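A.B. asks: just need the structure, nothing else, for what follows:
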Amino acid sequence: MVTLRDAGPESGAKARTLGRLLAAGFRVPDGVVVPRAGDAGWPRHLPGHLRALGGDTFAVRSSAAVEDAPGSSYAGQFRTLLHVRAADVVAAVREVAAATAAAATYATALGAPTGGGVAVLVQPMLVPAVAGVAFTRHPVTGARATVVEAVPGLADRLASGDADPERWHVDPGRSVHVERGHGVLDPGRVRAVADVAERVEGLLGGGQDVEWAVDADGAVWTLQARPITAWTAAVPGPRPGTGGSGVAGAALAVGTPSAPGAARGRVRVLRGLDDLPRFRPGEVLVCRATSPAWTPALARAAAVVTEVGGLLSHAAIVARELGVPAVTGVRGARDLPEGAPVVVDGTAGTVRLAAS
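C.D. replies: Residues are numbered from 1 along each chain as shown. Model prediction:
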């Protein structure tokens with residue numbers, strides 16, 4: 001076991017990066033890393049580390065060897081457990097270390113690296129007033145701007161795509177404007193979050209995907225930082241789905257452009273995971289929200305359309321990495337006509353009937 005400040009290569013990229021940020025003076029919850037949960041001895045030493053960290057409950061998070069790489073984020077593919085009581089942390093560490101099935105599916109779909117094991121990071125729970133994700137480049141266009149998405153409380157619903165977040169943009173001249181507002185942040189707080197994300201980029205280099213949280217006193221904490229992936233996933237014009245191309249008629253639906261490019265396919269509305277066997281390669285996956293369990297379908301989809309979720313959710317990140325056009329936050333998406341041929345434009349954020 002090692003402290004977060006001492007995290008090295010055996011601790012995985014997530015813990016190693018957070019340790020580097022902590023040492024550089026960023027607000028990062030301190031922690032301890034179990035590099036190999038299969039090794040003997042660490043359960044005896046962990047309670048002492050937890051007492052030293054303080055706090056009533058803990059976040060138990062994966063820090064896999066393959067996670068947070070420049071070409072493959074593995075966003076949402078490993079396990080995180082929140083609000084874990086001290087007495088349950090040992091079991092939680094074992095659970096997180098063993099939860100690799102979704103990551104294996106992702107690796108197969110993307111041709112990403114595998115192996116190296118799953119280190120586990122344990123930190124005291126932070127209870128934020130507001131939290132979210134900031135990208136120091138626009139994830140669809142690559143434009144030089146910081147995009148901030150936020151929700152009240154913890155950011156887990158934002159990351160999972162199960163919430164419609166507030167969204168702000170901060171341009172290089174420090175002008176701030178809101179794209180979708182719910183009263184979660186104000187311009188001053190948005191600038192503070194963007195400043196932290198841009199300082200992270202200054203230290204680590206390259207565009208950064210930063211998970212952040214603001215506590216009750218207004219302090220901005222950094223919970224994760226990794227390279228932004230898949231800026232160049234855009235495919236000009238409709239790509240093959242179930243055959244054919246072209247667009248006719250007005251848009252059937254409009255949402256947030258979340259993964260660039262356009263693709264044609266027939267609508268397949270999935271109400272839940274039990275519907276996955278009905279999904280066929282080249283169809284347009286339409287659902288309320290996605291989770292790691294949807295990765296096998298997402299990898300075979302012509303495009304994906306969700307009713308909720310934001311630009312910076314795990315599903316949007318994975319869609320961009322797979323080169324699958326995506327439109328998120330489409331109200332009434334599951335009312336799209338089943339089997340209808342459509343063109344999904346993930347750059348414009350539209351779903352249109354396709355020409356026959």
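
A.B. asks: wait, is Ala92 part of a helix?
C.D. replies: Yes - according to DSSP: H, G, I helix; E, B strand; the rest coil, Ala92 belongs to a helix.

A.B. asks: that one contacts Arg61, doesn't it?
C.D. replies: No - taking CB atoms under 8 Å as the definition, Ala92 is not a contact partner of Arg61, at 9.9 Å. Where you see a C-beta, it was placed from the backbone N, CA and C, and this is true even at glycine.

A.B. asks: these two: who's more crowded?
C.D. replies: Using other CB atoms under 10 Å, the more surrounded residue of Ala92 and Arg61 is Arg61, with 25 against 21.

A.B. asks: next up, the contacts around that one.
C.D. replies: For Arg61, the contacting residues are Lys14, Thr80, Leu81, Val96, Val120, Leu121, Val122, Gln123, by CB atoms under 8 Å, 6 or more residues apart in numbering.

A.B. asks: right, and the third one touches Ser62 too?
C.D. replies: No - when contacts are counted by CB under 8 Å, Leu81 is not listed as touching Ser62 (9.6 Å).

A.B. asks: shared neighbours, these two?
C.D. replies: Val96.

A.B. asks: identify the contacts common to Ala92 and Arg61.
C.D. replies: Leu81.

A.B. asks: of the contacts of Arg61, which is the most crowded?
C.D. replies: Among the contacts of Arg61, Val120 has the most neighbours (other CB under 10 Å), with 31 neighbours.

A.B. asks: so in terms of bridging, what pairs with that residue?
C.D. replies: Bridge pairing for Val120 (DSSP bridges) gives the partners Val34, Ser62.

A.B. asks: and if you look at Trp221?
C.D. replies: Ala213.

A.B. asks: can you get me a residue count around it?
C.D. replies: Count around Trp221 with other CB under 10 Å applied: 17.

A.B. asks: about what we covered before: just the ones of the contacts of Arg61 in strands?
C.D. replies: If you go by DSSP state E, the contacts of Arg61 have Thr80, Leu81, Val120, Leu121, Val122, Gln123 in strands.

A.B. asks: Phe78 versus the fifth one, what's the distance?
C.D. replies: The gap separating Val122 from Phe78 is 15 Å, by CB to CB, to the nearest Å.

A.B. asks: unless I'm mixing things up, Val170 is touching Leu185, no?
C.D. replies: No - the pair Val170 and Leu185 fails to qualify as a contact (CB under 8 Å) at a distance of 11.3 Å.

A.B. asks: tell me, what's touching the two both at once?
C.D. replies: Joint contacts of Val170 and Leu185 (CB under 8 Å, 6+ apart) are Val148.

A.B. asks: just the strands in the stretch 251-356 of the chain please.
C.D. replies: Under the criterion DSSP state E, counting those that start in this stretch, the stretch 251-356 of the chain contains strands at 256-259, 262-269, 284-287, 303-306, 326-328, 341-345, 350-354.

A.B. asks: elements contacting the shortest one?
C.D. replies: For strand 326-328, the packing partners by 3 or more CB pairs under 8 Å, 6 or more residues apart in numbering; DSSP states H and E come out as strand 256-259, strand 303-306, helix 314-322, strand 341-345.

A.B. asks: adjacent strands (with direction) for it?
C.D. replies: Here strand 326-328 is paired, per DSSP bridges, with strand 256-259 (antiparallel), strand 303-306 (parallel).

A.B. asks: how about the second one?
C.D. replies: The sheet places strand 262-269 alongside strand 238-239 (parallel), strand 284-287 (parallel), strand 341-345 (antiparallel), with pairing taken from DSSP bridges.

A.B. asks: can you give me the buried ones in it?
C.D. replies: Using 16 or more other CB atoms under 10 Å as the test for burial, strand 262-269 gives Ala262, Ala263, Arg264, Gly265, Arg266, Val267, Arg268, Val269.

A.B. asks: domains for this protein, by residue range?
C.D. replies: Domain ranges of the chain: 2-124, 130-227, 238-354, per automatic domain parsing.

A.B. asks: out of the ones you listed, which is the most enclosed?
C.D. replies: Burial of those is given as mean neighbour count (mean count of other CB atoms under 10 Å); domain 238-354 ranks first at a mean of 21.

A.B. asks: centre of the chain to that one, how far?
C.D. replies: 17 Å (CA atoms, centre = their mean, to the nearest Å).

A.B. asks: what do you get for stretch 197-214?
C.D. replies: Distance, centroid of stretch 197-214 to centroid of chain: 15 Å (CA atoms, centre = their mean).

A.B. asks: hmm, Arg334 is touching Thr306, no?
C.D. replies: No - using CB under 8 Å, Arg334 is not in contact with Thr306; the gap is 9.4 Å.

A.B. asks: what is in contact with those two at once?
C.D. replies: Val286, Cys287, Arg288.

A.B. asks: just give me the closest of these to Leu273.
C.D. replies: Cys287 (9.5 Å; CB to CB).

A.B. asks: for the nearest residue to that closest one once chain neighbours are set aside, give me phi and psi.
C.D. replies: Nearest residue to Cys287, sequence neighbours excluded (CB to CB, 6 or more residues apart in numbering): Leu270, at 4.7 Å. Backbone geometry at Leu270, expressed as degrees, to the nearest 10, gives phi -110, psi 120.
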